[in-house]
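> got a predicted structure here, sequence first:
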Amino acid sequence: MTTGNPHKGRTGIDRIVHAFRYSVAGLAAAFKGESAFRQEVVLAAILLPLALWLAKDWAQLVLMVGSLLIVLIVELLNSAIEATVDRISFEHNLLSKRAKDMGSAAVLLALLLLGLVWGSVIWAHVDEAF
């Protein structure tokens, strides 16, 4: 009789394929169950073509797209923290509140980084025009 996770023995391509499937399932779950993630995906869908148009070089494009991806990544982690805390208990708990607040603060900082990067690129365009 074996104990533990039966998926731990996977290696090579089989492991990569299963990991990819789990990742896609996580993205689908976030999109379906998290309104903030859906809003940020819409934001990314709008800003991505704009980044292709605004970026003057590869470095700007990488910064602009990277800042979009960071927002999505941090939102996924925040959602995971919230789901874990909620699984433990819905009772009011100061540590649970702290964990959720910190996750929310991380999203805020990622959004501020997005604004800083995009604002810098847009400012460079405005400054160049005058």
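That came through fine.
> secondary structure element holding residue 92?
When elements are assigned from DSSP states H and E, residue 92 belongs to no helix and no strand.
> who's in contact with it?
The contact partners of residue 92, by CB atoms under 8 Å, 6 or more residues apart in numbering, come to none. (Glycine included, C-beta is placed from N, CA and C.)
> look up how far residue 10 lies from it.
Distance of residue 92 to residue 10, computed by CB to CB, to the nearest Å: 40 Å.
> domain-wise, how is this structure divided?
For the chain, the structural domains run 1-33, 34-129, going by automatic domain parsing.
> buried set for the first one?
Under the neighbour-count criterion of 16 or more other CB atoms under 10 Å, domain 1-33 has residue 30 buried.
> what residue ranges in this structure score low on pLDDT?
The model of the chain has pLDDT under 70 over residues 1-7.
> show me where it has helices.
Assignment of helices within the chain using DSSP state H yields the ranges 12-33, 35-54, 58-88, 94-129.
> just those helices: most buried one?
Between the helices of the chain, helix 58-88 has the highest mean count of neighbours, a mean of 16, where neighbours are mean count of other CB atoms under 10 Å.
> any idea how far that one is from the chain center?
Helix 58-88 has its average C-alpha position 2 Å from the chain's average C-alpha position, going by CA atoms, centre = their mean, to the nearest Å.
> same question, stretch 110-125
Between the mean C-alpha location of stretch 110-125 and the chain-wide mean there is a distance of 17 Å, by CA atoms, centre = their mean.
> contacts for that stretch next, please.
Surrounding stretch 110-125, the residues in contact under the criterion CB under 8 Å, 6+ apart are 47, 54-56, 60, 63-64, 66-68, 70-71, 73-75.
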